[in-house]
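**Student:** here's a sequence, model it:
(one chain, ligands or ions: 2)
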Amino acid sequence: MGKNWGGRTPDAGRMVRSTVIHGIAASEGCAIGRVFEVEERRTDRREKSALTPEEELARLDRAVEDLSADLAAAGEDARRTAGEAQAEIFQVHAMLLREESFLGEARERIKAGETAEHAALAAGERLARMFETLDDDYMKARAADFRDIAAGVADCLTGGGGETVPEGPVILAADELTPNQLLKLSHGRILALVTRRGSAMSHASILARSLGIPAVAGAAELPRGGEEAVVDGTAGLVIWSPTAAEKADYGGQIARQAEEKVRRAAFRDKPGRTADGRRIETACNIAAPEEVSAVLEQGGEGIGLFRSEFLFIGRTDPPSEEEQEAAYSSVLRAMGGKRVVIRTLDIGADKQVPYFNGKEEENPALGERAIRFALSHEEVFRTQLRALLRASAAGQMAVMFPLIVSENEVRRARALLEEEREALRREKVPMAERIEVGIMIETPAAALLSGRLAELVDFFSIGTNDLTQYTLAVDRGNQRVAGLYDTAHPAVVGLIRRTVENAHAHGIWVGICGESASDRRLLETYAALGVDELSVSPAQTARVKEALAGLDSRRCRILDHV
Ligand code: PEP
Ligand code: MG
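**Tutor:** Ligands and ions are numbered 1, 2, ... in the order given. Predicted structure coming up:
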């Protein structure tokens, strides 16, 4: 993420240079316009209080109530302007505001003599820093949520925080933008968004994607207010003071983008299908309930992978059965009868959960992760299974188990599911008549055993991210060996072929939910193999459907494989 000098064109007899800043592609699309700088929120609040701790505690309680009311109003606003799932972002904030890890620490600090605003900001900052150390991108992005909540409490206490809404269409430039700010500011017209902090998983980025606003996060520098800039949210770059040639180039791209949008919109409501009529369901991957709106807006035919671990990571204690049930059923309800495949807890390896207090492992990617963790922490697993079963009445749910390497694991996981189902039935808890049960094929062992495993489940979902890592012995997160990480490797394609053949021989469906499901190079291979479902990120859905519609599966070539 550096800065370099961009194009040079002769302009009015002199050389004019633009500046190119690289960042993270957070929401696709391009825009040209004037920059509006969003003022940084003031965080230097008085530390020592002149009031008694009791008085400060009462101020904190009042501010929490005021912010709760503000968040409820913002949620209503979001529901009207952006949709049901965006409104959930504000519900999440309202929930985090009541988190004991946040309020408990703020109260302790007040008792030690701090002002309520200083205590809230310090507690928020500590939690934000903790989240920033996590490996999971979604969880890292929750740091901004805690900063936002803490600043919101401080604003309620000091009367700050009002945003100036820009007039006319502008590019917003901010150090960090909260979803609340973005929503308020979007009452003016926003062409694009550039932030210095944040990532593609920040709530502001998620919201920008669903509002269709191009965005670049993590920019090394920000263009100044009043300047002209180009934002390329697809490539993740910002150009200040673009040259005439760059403007003409991007003008052309913006026009093509508009045409593409119209063309893709035609695929949004169509089922995924190849030109010769082979049906390939095009579903989406999500990590949190608030991503459902993007799934629906982009034409996802279902959810092929809901990574449920997001509920567990980066907190101080595990979510209760009720909390989990609420999250699962909100997704099922929002999807309105379309299939939602929920993967059971996949923690361990790069997704550590400190409160489970496991001993540090020397090689966590080969350690007690995913289904192994679930089977050795039965109570945690049973609680999740009960929450899933209770939520199953809200829609069409399927459950799948991650990182399977043996038949025994599948039998044990299914037996626990059955035991919990029986117990809930005795309690007369309403549940779906039938829940499909599947497994992820993400180890060479599972692919090689797929003929036997197919007898135990209703479907397979191939996790090519891990299947590639474990087949090629290449750490998926290690930049030094990134050149060896190849989802099109003949050994990986061979294992996928074997899995698809075994699934079909046993009459079960098979999908692919790793990142390669939207890889243009591999679509022909997947179509030719007869994969039944592809589960991709919401933003890729229409593009994948369009690409499938251009393929004749009878003529598709399967890439080199064993
Ligand atoms: C995979 O391994 O391909 C997968 C989809 O799971 P995750 O990326 O969450 O490990
Ligand atoms: Mg995986």
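**Student:** can you pull the contacts of the most centrally placed residue in the chain?
**Tutor:** Centroid-nearest residue in the chain, with Cα atoms, centre = their mean: A287, separated by 4.6 Å. Contacts for A287 (Cβ atoms under 8 Å, 6 or more residues apart in numbering) come out as Y138, M201, F306, R307, F310. From N, CA and C alone the C-beta is placed, and that goes for glycine too.
**Student:** repeat that for 7 Å
**Tutor:** The neighbourhood of A287, defined by Cβ atoms under 7 Å, 6 or more residues apart in numbering, consists of Y138, R307, F310.
**Student:** ditto for L172
**Tutor:** Under the criterion of Cβ under 7 Å, 6+ apart, the contact list for L172 reads F36, V38, L185, I190, L193.
**Student:** quick check: helices, which of these are part of them?
**Tutor:** For the contacts of L172, membership in helices holds for L185, with DSSP state H as the criterion.
**Student:** picking that back up, by neighbour count, which of the contacts of A287 wins?
**Tutor:** Counting by other Cβ atoms under 10 Å, Y138 has the largest number of neighbours within these, with 22 neighbours.
**Student:** element containing that residue, please.
**Tutor:** helix 137-140 (DSSP states H and E).
**Student:** other residues contacting the very next helix or strand once past that helix?
**Tutor:** Using DSSP H and E, the next helix or strand after helix 137-140 towards the C-terminus is helix 142-158. Contacts with helix 142-158, where a contact means Cβ under 7 Å, 6+ apart, come from 41, 43, 45, 59, 63-64, 66-67, 93, 96-97, 102, 116-117, 120-121, 123-125, 127-128, 131-132, 161, 176, 178, 180, 197-198, 202-203, 314.
**Student:** shaky segments in the stretch 151-300 of the chain?
**Tutor:** For the stretch 151-300 of the chain, residues meeting the criterion pLDDT under 70 lie at 159-165, 180, 183, 186-188, 201, 210.
**Student:** now do the helices in it.
**Tutor:** Residue ranges of the helices in the stretch 151-300 of the chain, as given by DSSP state H, counting those that start in this stretch, are 179-185, 203-211, 244-268, 292-297.
**Student:** among those, which is the most enclosed?
**Tutor:** Across the helices of the stretch 151-300 of the chain, averaging neighbours per residue (mean count of other Cβ atoms under 10 Å) puts helix 203-211 on top, at a mean of 27.
**Student:** so can I have JSON lines of the helices of the stretch 151-300 of the chain showing distance to ligand 2?
**Tutor:** Written out in JSON lines, the entries for these read as follows (distance: least, Cβ to the ion, whole Å):
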{"stretch": "helix 179-185", "distance to ligand 2": "28"}
{"stretch": "helix 203-211", "distance to ligand 2": "21"}
{"stretch": "helix 244-268", "distance to ligand 2": "28"}
{"stretch": "helix 292-297", "distance to ligand 2": "20"}
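**Student:** I'd like the distance between T274 and R554.
**Tutor:** T274 sits 9 Å away from R554 when distances are taken as Cβ to Cβ, to the nearest Å.
**Student:** neighbour-wise, which of those two wins?
**Tutor:** Neighbours around T274 and R554, counted as other Cβ under 10 Å, are more numerous at T274. The numbers are 22 against 11.
**Student:** assess the claim that the more buried one and L548 are in contact.
**Tutor:** Yes: between T274 and L548 a contact is recorded at 5.2 Å, counting by Cβ atoms under 7 Å.
**Student:** joint contacts of the two?
**Tutor:** With Cβ under 7 Å, 6+ apart applied, the overlap between the contact sets of T274 and L548 consists of I280, A527.
**Student:** what about L388, distance to L121?
**Tutor:** Relative to L121, L388 is positioned 38 Å away (criterion: Cβ to Cβ).
**Student:** and the pLDDT at the closest residue to E322 other than its chain neighbours?
**Tutor:** Ranked by Cβ to Cβ, 6 or more residues apart in numbering and with sequence neighbours excluded, the top spatial neighbour of E322 is A387, at 7.7 Å. Model confidence at A387, given as pLDDT, is 98.
**Student:** send the alpha carbons of the strand or helix carrying A387 over as PDB?
**Tutor:** Using DSSP H and E, A387 maps to helix 378-391. What follows is helix 378-391 as a C-alpha-only set of coordinates in PDB (Å, rounded to 0.1, in the frame of the first residue of the first chain):
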ATOM      1  CA  GLU A 378     -19.000 -31.600  23.300                       C
ATOM      2  CA  GLU A 379     -20.900 -29.100  25.400                       C
ATOM      3  CA  VAL A 380     -19.900 -26.300  23.100                       C
ATOM      4  CA  PHE A 381     -20.900 -28.400  20.000                       C
ATOM      5  CA  ARG A 382     -24.200 -29.600  21.600                       C
ATOM      6  CA  THR A 383     -25.200 -26.000  22.300                       C
ATOM      7  CA  GLN A 384     -24.600 -25.000  18.700                       C
ATOM      8  CA  LEU A 385     -26.500 -28.000  17.400                       C
ATOM      9  CA  ARG A 386     -29.500 -27.200  19.700                       C
ATOM     10  CA  ALA A 387     -29.400 -23.600  18.500                       C
ATOM     11  CA  LEU A 388     -29.300 -24.800  14.900                       C
ATOM     12  CA  LEU A 389     -32.200 -27.200  15.400                       C
ATOM     13  CA  ARG A 390     -34.300 -24.600  17.100                       C
ATOM     14  CA  ALA A 391     -33.600 -22.100  14.300                       C
END
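**Student:** can you name the residues in contact with that helix?
**Tutor:** Everything outside helix 378-391 that qualifies as a contact, by Cβ under 7 Å, 6+ apart, is 318, 321, 324-325, 328-329, 332, 342, 344-345, 374-375, 397, 399, 416-417, 420-421, 424, 429, 431.
**Student:** could you dump the helices of the stretch 151-300 of the chain to CSV with distance to A150?
**Tutor:** Compiled in CSV, the helices of the stretch 151-300 of the chain are given as follows (distance: least, Cβ to Cβ, whole Å):
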stretch, distance to A150
helix 179-185, 13
helix 203-211, 15
helix 244-268, 37
helix 292-297, 26
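**Student:** out of these, which comes closest to ligand 1?
**Tutor:** Ranking the helices of the stretch 151-300 of the chain by their distance to ligand 1 (criterion: Cβ to the nearest ligand atom) puts helix 292-297 first, at 15.8 Å.
**Student:** pull out the buried residues from the following helix or strand past that closest one.
**Tutor:** Scanning forward in sequence from helix 292-297, with DSSP H and E defining helices and strands, the next element found is strand 303-307. Of the residues in strand 303-307, those buried under the neighbour-count criterion (16 or more other Cβ atoms under 10 Å) are I303, G304, L305, F306, R307.
**Student:** re earlier: just the buried ones from the contacts of helix 142-158?
**Tutor:** Burial of the contacts of helix 142-158 was assessed by neighbour count (16+ other Cβ under 10 Å); the buried members are 41, 45, 59, 63-64, 67, 93, 96-97, 102, 116-117, 120-121, 123-125, 127-128, 131-132, 161, 176, 178, 180, 197-198, 202-203, 314.
**Student:** follow-up on the earlier one: got the CA positions of the helix holding Y138 in PDB?
**Tutor:** What follows is helix 137-140 as a C-alpha-only set of coordinates in PDB (Å, rounded to 0.1, in the frame of the first residue of the first chain):
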ATOM      1  CA  ASP A 137     -10.500 -10.500   8.500                       C
ATOM      2  CA  TYR A 138     -14.100 -10.200   9.600                       C
ATOM      3  CA  MET A 139     -13.100 -10.100  13.200                       C
ATOM      4  CA  LYS A 140     -10.300  -7.700  12.600                       C
END
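**Student:** residues from this protein in reach of ligand 2?
**Tutor:** Selection of the chain residues close to ligand 2 by Cβ under 5 Å from the ion yields E442, G463, D466.
**Student:** who in the stretch 351-500 of the chain is up against ligand 1?
**Tutor:** Residues of the stretch 351-500 of the chain found near ligand 1 (Cβ under 6 Å from any ligand atom) are E442, G463, T464, N465, D466.
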